[in-house]
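Peer 1: Just to be clear, the model below is a prediction. Sequence and coordinates:
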Amino acid sequence: MTAARRYAVGQVVFDRDRQAHGRVVGLYPSPLVARLVDTAVFQWIARTVASEPAPPPPAAARDAEAERGVVPVPAGRVPVDVPPTELPVGDQVLAGGRLVAITDLRYRHGGTRTMILAGGRLAVAEHTVRVYRPRTG
């Protein structure tokens, strides 16, 4: 019998039972099962003994996903759409194909805010912005 594999949240695996690729979104206390989600946001529970790690996508596919705004959500964070006036320091935004933390906010004129991101980059929030916040509760 094959030993159960350990997976991490966000890792892409191939479920041999369903013949489908999925990203791990939940782990259970039992090392024998994990919750997976596919690109259509359909979730299912998969046996880890019937799953295998998927090879990393080619660089061209990763770049295409970054352009479309598809980014793996870090463990413990959830995506939230907020207006610029409700942006707090510490949230993360998608910039350059990766998540970058907001370190400071300036110039609250009208409905816009200027975000100062980690690394000194500037970005202006004019409309609703998708941020990634720590999961609560």
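Peer 2: Structure received.
Peer 1: Now do the same for Gly69: its pLDDT.
Peer 2: On the pLDDT scale, Gly69 is placed at 54.
Peer 1: wait, I meant Val13
Peer 2: Looking at Val13, the pLDDT reads 90.
Peer 1: so which helix or strand takes in it?
Peer 2: Element membership of Val13, judged by DSSP states H and E, is strand 12-15.
Peer 1: Can you spell out which helices and strands pack onto that strand?
Peer 2: Here strand 12-15 touches strand 20-27, strand 33-37, strand 43-47, strand 51-53, going by 3 or more CB pairs under 8 Å, 6 or more residues apart in numbering; DSSP states H and E. Using the backbone N, CA and C atoms, a C-beta is placed for each residue, glycine as well.
Peer 1: C-terminal to the least confident helix or strand in the chain by mean pLDDT, what's the next element?
Peer 2: Every helix and strand of the chain was ranked by mean pLDDT, DSSP states H and E. The lowest is helix 59-68, at a mean of 56. Going down the chain from helix 59-68, the next helix or strand is strand 77-82, by DSSP H and E.
Peer 1: And the contacts of whatever helix or strand comes next after that following strand?
Peer 2: Note on strand 77-82: by DSSP H and E, the next helix or strand toward the C-terminus is strand 92-95. If you take CB atoms under 8 Å, 6 or more residues apart in numbering as the criterion, strand 92-95 is touched by 69, 71, 74, 77, 99-102, 115, 117, 121, 123, 129-133.
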